[in-house]
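*Asks:* With the input below, show me the fold.
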Amino acid sequence: MKFTAALLSLAGLASAAEFGIAANPNAKSFADLGNGFYTVPIVNGTLDYASAVRDTTDLVAAAAALDARDLAAPDQMPGKCVPQFPTRKTTCRARDIRRADYLRAYANFLQWIETGPDDGWLEKRCCKSVVFGLAVVSACSKANRQPTCKDEVAEAMCELDEFCAEDDGGDIMIRSWAKQYGRHNVRDGDGLQRFAAAAVEGGDEVEVEGEQDE
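*Replies:* Numbers count the residues shown, from 1 in each chain. All right, here's what the predicted structure looks like:
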């Protein structure tokens, strides 16, 4: 057990060193990080919150001037991005999200794609996550570095609106892309374990789950 704990600790230190100084080395969830935009490494199949790096704070400040009508279509998409999902698994969270907080986080995420320092790219084995109030919006790459775009994010959020509800959290796992989109309450877990179990055969799969993350 001690040896395993040491390995996990070293993995966390390595991930923090790779991306910058951790925002809160004691963080155990998004609730411990506060408003901001974060790069969160995926270690051993789950998010390493203690190694999360705050990318910038001005995006969250700018969201105060935004509302739903500002969620415009993209002028240009970074990299190769396909806003038409292949086989995927969609799951719904049991805990509600605060719609107003979610819209601010969503608007910030779209702004990061257009103006952020990463040009809309997800680092390998990392999530890009916006925290605003009690809501989180995330895009994750379980494999190599890959792009995201406003159309993909919009497609994901619209699907969650349709198959869950406008005030529900949820996750969309696209296994063939090794990519996941989601939104949830800051108290919820990351949902990456569902990603590992996502179906890879057959047509588009939408599964509504009622479980609650702790």
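*Asks:* Show me the strands in this protein, by range?
*Replies:* 36-43, 46-47, 53-56, 89-96, 121-122, 126-132, 135-141, 146-147, 168-174, 179-185, 205-206 (DSSP state E).
*Asks:* partners of the third one, with directions?
*Replies:* In the sheet containing strand 53-56, the strands it pairs with under DSSP bridges are strand 36-43 (antiparallel).
*Asks:* what about the partner strand, average pLDDT?
*Replies:* What strand 36-43 shows for mean pLDDT is 91.
*Asks:* what do you get for stretch 114-122?
*Replies:* For stretch 114-122, the mean pLDDT works out to 80.
*Asks:* show me where pLDDT drops low in this protein?
*Replies:* Residues of the chain that meet the criterion pLDDT under 70 lie in 1-20, 56-83, 190-214.
*Asks:* can you give me the helices in it?
*Replies:* For the chain, the helices defined by DSSP state H cover 2-19, 58-62, 99-115, 150-163, 192-196.
*Asks:* Can you show me the CA trace of the fourth one as PDB?
*Replies:* When you say that, I think you mean helix 150-163. Extracted C-alpha coordinates of helix 150-163, given in PDB (Å, rounded to 0.1, in the frame of the first residue of the first chain):
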ATOM      1  CA  LYS A 150     -17.300  25.600 -30.700                       C
ATOM      2  CA  ASP A 151     -19.500  23.400 -32.900                       C
ATOM      3  CA  GLU A 152     -18.500  20.200 -31.100                       C
ATOM      4  CA  VAL A 153     -19.100  21.800 -27.700                       C
ATOM      5  CA  ALA A 154     -22.400  23.200 -28.800                       C
ATOM      6  CA  GLU A 155     -23.400  19.800 -30.200                       C
ATOM      7  CA  ALA A 156     -22.600  18.200 -26.900                       C
ATOM      8  CA  MET A 157     -24.400  20.700 -24.700                       C
ATOM      9  CA  CYS A 158     -27.500  20.500 -27.000                       C
ATOM     10  CA  GLU A 159     -27.500  16.700 -26.800                       C
ATOM     11  CA  LEU A 160     -27.400  16.900 -23.000                       C
ATOM     12  CA  ASP A 161     -30.300  19.500 -23.000                       C
ATOM     13  CA  GLU A 162     -32.300  17.100 -25.200                       C
ATOM     14  CA  PHE A 163     -31.600  13.700 -23.600                       C
END
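*Asks:* Fine by me, thanks again.
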